[in-house]
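Peer 1: Here is a sequence together with a model predicted from it:
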There are 2 protein chains.
Amino acid sequence: MVKYVFGVDVGGTTVKLGLFDIDGRVLDKWEIPTRTENDGVNILPDIAVSIQEKMSEKAITKKEVAGVGVGAPGPVDGKGIIHKAVNLGWAEMNLKEVLSGLLADMKVEGGNDANVAALGEMWKGGGQGYSNLVAVTLGTGVGGGIIVDGKILTGYNGSGGEIGHIHVEDNETEPCGCGNHGCLEEYASATGITRLANRKLQSSDKDSVLRQGEVSAKTVFDAVKSGDELAIEIAQQFGEYLGKGLAVIAGVVNPEIFVIGGGVSKAGDVLFDYIRPAFEKTVFHGCKDTKFALATLGNDAGIYGAAKLVLG
Amino acid sequence: MVKYVFGVDVGGTTVKLGLFDIDGRVLDKWEIPTRTENDGVNILPDIAVSIQEKMSEKAITKKEVAGVGVGAPGPVDGKGIIHKAVNLGWAEMNLKEVLSGLLADMKVEGGNDANVAALGEMWKGGGQGYSNLVAVTLGTGVGGGIIVDGKILTGYNGSGGEIGHIHVEDNETEPCGCGNHGCLEEYASATGITRLANRKLQSSDKDSVLRQGEVSAKTVFDAVKSGDELAIEIAQQFGEYLGKGLAVIAGVVNPEIFVIGGGVSKAGDVLFDYIRPAFEKTVFHGCKDTKFALATLGNDAGIYGAAKLVLG
């Protein structure tokens, strides 16, 4: 009888693994290093060994396992092939087939890490109870995952939900990491907020607590909460860009809810005070009531979503 | 044995109907007036009568009919309920249930007209052979339909694919029909192009054939083809807005192809000369190879797509 499912989140330095029951309760979670040397050839074998060891340890048989879900940093197409996972050293890798082969043909499902994390937040996180949602991760970059009728929107070649690189500013002079200019990521990521803050500190004469010490997304929103005027101006800029970007996304895929996660989201509900007005200013009227919530699973969203990928 | 399917496209003045075989060959098509008086209470009964008459005329039995698909101008949710179809006088109408009831429980499926037309272009039009596509209709307004893995993306409340109202210009002073400022529709629809042209004619001293006679999307693109410099500048503006908008859509849903239809698309492939460079300038690199094609079904896209809605 099927009782268990594994969720695996492959990052550039660490692989996170989780053992869940099929109702989504986490029974165990652990990490192994990501061995990216030799084009990452050891990564999937290491995962297979770790899963087999866990099964031995817990006396779990293959029949009791629904399968293994894997989220990885790169575009994953409908066949489970990941393309150009530069952080892992992979040029192209059939996640499903290779890992399944290493695990005596156990069922394996694969997906892009941001998309899989979105599925996790839908299943057991900030988006629980919703089946049409967009998860937005405001971290070093801006990632996204789109869930339509309970399923990940992968897109034609796995680039669906790459919302960090939608264009929101025509007059940007500094390039984004992707090479374009004016991507959402340049204003709404942790590094983007820091950049907005540094620009504002240079262009304004206003006094601010941000003039002492190092500036970060955290210090900006801490200052916002203490009423710092300059910090509030920075938060408004951040909110304008993100709100405008999410308004476009709403008009395209019409989610019921946006679930905001990533390091920046630790600032809490105050974010919505700046995102929501800008969102409402430009969004299509049919999407004005779209809800906003904070992600709740943190770094575990990936293992939850990977497990859910198997359960369907 | 099932041999036939009906496709119905409900417009504000005319209802188009089509009888198809289940391979999508059109066997007959005709129109009836849309009686919008009395809150449009006669519209569905008129359709039911017209279909029954056609079945009698052709000696088609109910068993031979897969069902009736209906596209209508308003947001249609997953249950087949259309909300606020102002052009028809409907506040809320359960297309599926009501029409099915009027047709002795024949199978009925309903969808938003722009979404249904997108499905038609996928099935038998410019998007044939593709299952991830975005159809863009450049008419009086700008409509859109998003197809993901062969199915319409409806969204939470039927507002999915409302791409005419995604925000592309922060500095617009004139409002869009929807009440917002800077919607794609203000620059890429037939009326939008006319407005861009009139603005350009006023702000520029350049000579142009457009200074004679009435300006329209057609006269602008005719002038572009004859090398008129001012018209080319207008086409560039149009292309900047539309290319930028489609780039965002590509980054969100990652279609394999954009299928461009509506009155403006009669200008032909020349449109892509202006859309494509702007698209490539801002689109996420993973979506740079997205294809572009012209729609081919014209005003029949709706009846084709409605029929396909039934066949699944």
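Peer 2: Looks like it came in fine. Numbering: from 1, shown residues only, chains lettered A, B, ... in the order given.

Peer 1: Looking at the stretch 101-250 of chain A, which residue is nearest chain B?
Peer 2: Residue nearest to chain B within the stretch 101-250 of chain A: A:Gly155 (2.5 Å; CB to the nearest CB). Glycine gets a C-beta too; all of them are placed from N, C-alpha and C.

Peer 1: tell me the contacts of that residue?
Peer 2: Listed by CB atoms under 8 Å, 6 or more residues apart in numbering or on different chains, the contact set of A:Gly155 reads A:161, B:132, B:148, B:253-255.

Peer 1: That one is in what secondary structure piece?
Peer 2: Under DSSP states H and E, no helix or strand contains A:Gly155.

Peer 1: Flag the helix or strand of chain A with the lowest per-element mean pLDDT.
Peer 2: Ranking every helix and strand in chain A by mean pLDDT, DSSP states H and E puts strand A:81-85 at the bottom, with a mean of 86.

Peer 1: Could you identify the helix or strand that succeeds that strand?
Peer 2: strand A:90-94.

Peer 1: roughly how far is the helix or strand just after that following strand from the heart of the chain?
Peer 2: Scanning forward in sequence from strand A:90-94 by DSSP H and E, the next helix or strand is helix A:95-102. Mean-position distance between helix A:95-102 and its chain equals 24 Å (CA atoms, centre = their mean, to the nearest Å).

Peer 1: Please spell out which residues along helix A:95-102 are buried.
Peer 2: A:95-96, A:98-100, A:102 (16 or more other CB atoms under 10 Å in any protein chain shown).

Peer 1: could I get those residues as JSON lines with distance to A:Leu184 and pLDDT?
Peer 2: Shown next, in JSON lines, are those (distance: CB to CB, whole Å; pLDDT from 0 to 100):
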{"residue": "A:Leu95", "distance to A:Leu184": "28", "pLDDT": "93"}
{"residue": "A:Lys96", "distance to A:Leu184": "31", "pLDDT": "94"}
{"residue": "A:Val98", "distance to A:Leu184": "34", "pLDDT": "96"}
{"residue": "A:Leu99", "distance to A:Leu184": "33", "pLDDT": "97"}
{"residue": "A:Ser100", "distance to A:Leu184": "36", "pLDDT": "97"}
{"residue": "A:Leu102", "distance to A:Leu184": "38", "pLDDT": "97"}
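
Peer 1: got a list of what A:Gly12 touches?
Peer 2: Contacts of A:Gly12 by CB under 8 Å, 6+ apart are A:34, A:36, A:73, A:87-88.

Peer 1: do A:Ser189 as well
Peer 2: A:138-142, A:164, A:264.

Peer 1: which among those gets closest to A:Leu196?
Peer 2: Relative to A:Leu196, the closest of the contacts of A:Ser189 is A:Val264; by CB to CB it sits at 11.9 Å.

Peer 1: Okay, and the beta partners of the closest residue to that closest one other than its chain neighbours?
Peer 2: Nearest residue to A:Val264 in three dimensions, chain neighbours excluded: A:Leu138, at 3.6 Å (CB to CB, 6 or more residues apart in numbering or on different chains). On the basis of DSSP bridges, A:Leu138 takes part in beta bridges with A:Val142.

Peer 1: what about A:Leu138, distance to A:Asp300?
Peer 2: The gap separating A:Leu138 from A:Asp300 is 17 Å, by CB to CB, to the nearest Å.

Peer 1: who has more neighbours, those two?
Peer 2: Using other CB atoms under 10 Å in any protein chain shown, the more surrounded residue of A:Leu138 and A:Asp300 is A:Leu138, with 28 against 19.

Peer 1: Quick check: the more buried one touching A:Tyr187?
Peer 2: No - using CB atoms under 8 Å, A:Leu138 is not in contact with A:Tyr187, being 10.4 Å away.

Peer 1: hmm, back to that, can you pick out the most distant pair from the contacts of A:Gly12?
Peer 2: Among those, A:Thr36 and A:Pro73 lie farthest apart (CB to CB), at 11.2 Å.

Peer 1: what do the two both touch?
Peer 2: With contacts taken as CB under 8 Å, 6+ apart, the residues that reach both A:Thr36 and A:Pro73 are A:12, A:87-88.

Peer 1: From these, which one has the minimum pLDDT?
Peer 2: The member of the shared contacts of A:Thr36 and A:Pro73 with the lowest pLDDT is A:Asn87, at 85.

Peer 1: Count the residues that sit near it.
Peer 2: A:Asn87, neighbours per other CB under 10 Å, totals 17.

Peer 1: so how far is B:Val259 from it?
Peer 2: To B:Val259, A:Asn87 is 35 Å away according to CB to CB.

Peer 1: A:Cys178: what's it in contact with?
Peer 2: In this structure, A:Cys178 makes contact with A:165, A:185, B:284-285, judged by CB under 8 Å, 6+ apart.

Peer 1: the helices in the stretch 201-312 of chain A, which residues?
Peer 2: A:217-225, A:229-253, A:270-282, A:301-311 (DSSP state H, counting those that start in this stretch).

Peer 1: Now do the least confident helix or strand of chain A against helix A:95-102: the angle between them, please.
Peer 2: Going by axes from the mean of the first three to the mean of the last three CA atoms, to 10 degrees, strand A:81-85 is angled at 110 degrees with respect to helix A:95-102.

Peer 1: hmm, who's touching strand A:81-85?
Peer 2: Strand A:81-85 is contacted from outside by A:40, A:72-77, A:90-96, A:110, A:112, A:157-158, using CB under 8 Å, 6+ apart.

Peer 1: same thing but 10 Å
Peer 2: A:10, A:12, A:36, A:40, A:43, A:70, A:72-77, A:88, A:90-98, A:110-113, A:157-159, B:286 (CB atoms under 10 Å, 6 or more residues apart in numbering or on different chains).
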